[in-house]
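Chemist: Quick check, what structure comes out for this input:
(one chain, ligands or ions: 1)
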Amino acid sequence: MVKQQYDANLLPDMLPIYYTRHFPQKIFCRWLAYGCSPQPLSNREMSFTLADDVYLRYLSISNQKELQELLQKKCPYKLDIGAVYNTKPSVGRHNAVVLARELVFDIDLTDYDEIRTCCQEAKVCEKCWLFMVIACEIIDKTLREDFGFQCILWVFSGRRGIHCWVSDYEARILDSPGRGAIASYLCLIAGGENQSKKVHLGNENLHTSIRRSLNIIDNYFEQLLQEQDFFATSEGLNAFLKLIPDETLRSQVAKKLEKLPQSSLERWTSFVSTYEAYCRENGNAMRKLKYLTEEIKIQYCYPRLDVNVTTGFNHLLKSPFSIHPKTGKVSIVFKSSNVKNFKLDEVPTINTLLDDMSTDSSVHQNNMKEAVKTFQEVVFLCEKTEAMRKRNNANTSIEF
Ligand SMILES: [Zn+2]
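Modeler: Numbering: from 1, shown residues only. Have a look, this model is predicted:
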């Protein structure tokens, strides 16, 4: 058996087969229609990126048959999903109004370039993937426990990030300021390149949501310190020292850390004990630096969102089960409860799915099946909550 290399030049031959045999068309249409609420499937915008980056917007379909025909006719390299309009979307129609759109989150490892040490830009490995694991667990818990959302779909972006689609009715009809408010709630890291310390938690009791996020971070913090080794280089160490606002403490820590071996875990442990001793002796510092360790953990671990994607009503987002044209990887759906077991090299690629003889074939086929099953579960939950919502609405209107 041979390990088949992905070759983008073969996409025109592979895509029609992939769309027919592997793309979960039926459940995909059911997902986008949500029992026709608030509008039929045909009012939803889809967009295709064709070979040579030709971009088609305002496409729409009424049923699975039309989807299959459109996919075969256009053979898109990439599929994106847009909003639901009050009318069938089309290029010439300028008075169309957006009625609904999933609340979406886009987390991309390029936004972690400032802190990750293993890779930069388009590169990604198992080590920096841990940032995505933490982001997924924190966002998922926050959306469920603080906002009460249930219909949450997690999708691998195809290369170096993850997308979250919140499909509860209340989330889909949320206006732009509402989306902005949820995005800000999830933004604890603020400030551009020139600002060293980007997290400020004050000195009041910590919000439950922040406590919960810190508990998640604590599950992975040691591993991150060992794998990323943030403070091993003089550059990394300096960036870390800049996060200590108190000059006396900073120079005490600097002196201690210089004498230590370069291991970030040892340096962190030494910092924490120096900090705690300093606070014990100095009540004033204790008040000012109450959450310093928490602030540093958040700066190195908390999710970094692309806020514009969440706030925008008709920002297009890559569809689940679309292929990433550069990697050949399928944008698979995964369970947030299982994200820590997500393995980048076990993500199905279009070439292994189409080639039974390749070494990865059985693992990839299996993971594709799992991904479709997870997708189905979320869609069934969406349909069930939508039916319940309609029944409740009907009951309330009878009472009045
Ligand atoms: Zn990496």
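Chemist: Does anything pack onto the strand or helix carrying residue 31? Which helices or strands?
Modeler: Secondary structure assigned from DSSP states H and E places residue 31 in helix 25-33. On a contact count with 3 or more C-beta pairs under 8 Å, 6 or more residues apart in numbering; DSSP states H and E, helix 25-33 meets helix 64-74, helix 361-399. C-beta: built from backbone N, CA, C; applies to glycine.
Chemist: Of all these, which one comes closest to residue 124?
Modeler: Closest to residue 124 of the helices and strands packed on helix 25-33 is helix 361-399 (C-beta to C-beta; 17.6 Å).
Chemist: So residue 271 versus the ion, what's the distance?
Modeler: To the ion, residue 271 is 24 Å away according to C-beta to the ion, to the nearest Å.
Chemist: Go ahead and confirm that residue touches residue 253.
Modeler: Yes. The pair residue 271 and residue 253 passes the contact test of C-beta atoms under 8 Å, sitting 5.4 Å apart.
Chemist: Stretch 273-282 - what's its average pLDDT?
Modeler: For stretch 273-282, the mean pLDDT works out to 94.
Chemist: what's the answer for stretch 177-185, then?
Modeler: Stretch 177-185 comes out with an average pLDDT of 96.
Chemist: Please pull out the lowest mean pLDDT helix or strand from the protein.
Modeler: helix 283-288 (a mean of 85; mean pLDDT, DSSP states H and E).
Chemist: After that helix, which helix or strand is next?
Modeler: Downstream of helix 283-288, the next assigned helix or strand under DSSP H and E is helix 292-301.
Chemist: Buried residues in the helix or strand following that next one, which are they?
Modeler: Per DSSP H and E, the first helix or strand lying C-terminal to helix 292-301 is helix 307-311. For helix 307-311, the neighbour count (16 or more other C-beta atoms under 10 Å) marks 307, 309, 310, 311 as buried.
Chemist: can I assume the third one is in contact with residue 103?
Modeler: Yes. Residue 310 lies in contact with residue 103 (C-beta under 8 Å); the separation is 6.9 Å.
Chemist: Which neighbours do those two have in common?
Modeler: Shared contacts of residue 310 and residue 103 (C-beta atoms under 8 Å, 6 or more residues apart in numbering): 179, 182.
Chemist: Get me the contact residues on the stretch 1-150 of the chain for the ion.
Modeler: Selection of the stretch 1-150 of the chain residues close to the ion by C-beta under 5 Å from the ion yields 118, 119, 125, 127, 128.
Chemist: out of those residues, which is most surrounded?
Modeler: Top of these by neighbour number is residue 128, holding 22 neighbours under the definition other C-beta atoms under 10 Å.
Chemist: Tell me if that one really is in a helix.
Modeler: Yes. Using DSSP: H, G, I helix; E, B strand; the rest coil, the assignment for residue 128 is a helix.
Chemist: isn't it right next to residue 108, touching?
Modeler: No. If you go by C-beta under 8 Å, residue 128 and residue 108 don't touch, sitting 11.3 Å apart.
Chemist: does residue 57 count as helix, strand or coil?
Modeler: Assignment for residue 57 (three-state DSSP): strand.
Chemist: Please, which helix or strand holds the nearest residue to it once chain neighbours are set aside?
Modeler: Once flanking residues are discounted, residue 57 sits nearest to residue 47: 4.6 Å by C-beta to C-beta, 6 or more residues apart in numbering. According to DSSP H and E, residue 47 maps onto strand 44-49.
Chemist: How far off centre is that strand?
Modeler: The chain centre lies 21 Å from the centre of strand 44-49; the measure is C-alpha atoms, centre = their mean, to the nearest Å.
Chemist: who touches that strand?
Modeler: Contacts of strand 44-49 (C-beta under 8 Å, 6+ apart): 32-33, 55-61, 74, 76-85, 89, 314, 316, 319, 325.
Chemist: How about stretch 50-57?
Modeler: Stretch 50-57 has contacts (C-beta under 8 Å, 6+ apart) with 11-12, 45, 47-49, 74-77, 82, 91, 316.
Chemist: hmm, which of the residues you listed are the buried ones?
Modeler: Judged by 16+ other C-beta under 10 Å, buried ones among the contacts of stretch 50-57: 11, 45, 47, 48, 49, 74, 75, 76, 77, 82, 316.
Chemist: mind listing what's buried in the helix or strand where residue 139 lies?
Modeler: Element membership for residue 139, per DSSP H and E: helix 126-145. For helix 126-145, burial by neighbour count (16+ other C-beta under 10 Å) applies to 127-143.
Chemist: same thing with stretch 269-276?
Modeler: Using 16+ other C-beta under 10 Å as the burial criterion, the residues of stretch 269-276 that qualify are 271, 274, 275.
Chemist: domains of this protein?
Modeler: Using automatic domain parsing, the domain ranges for the chain come out as 8-184+305-399, 193-301.
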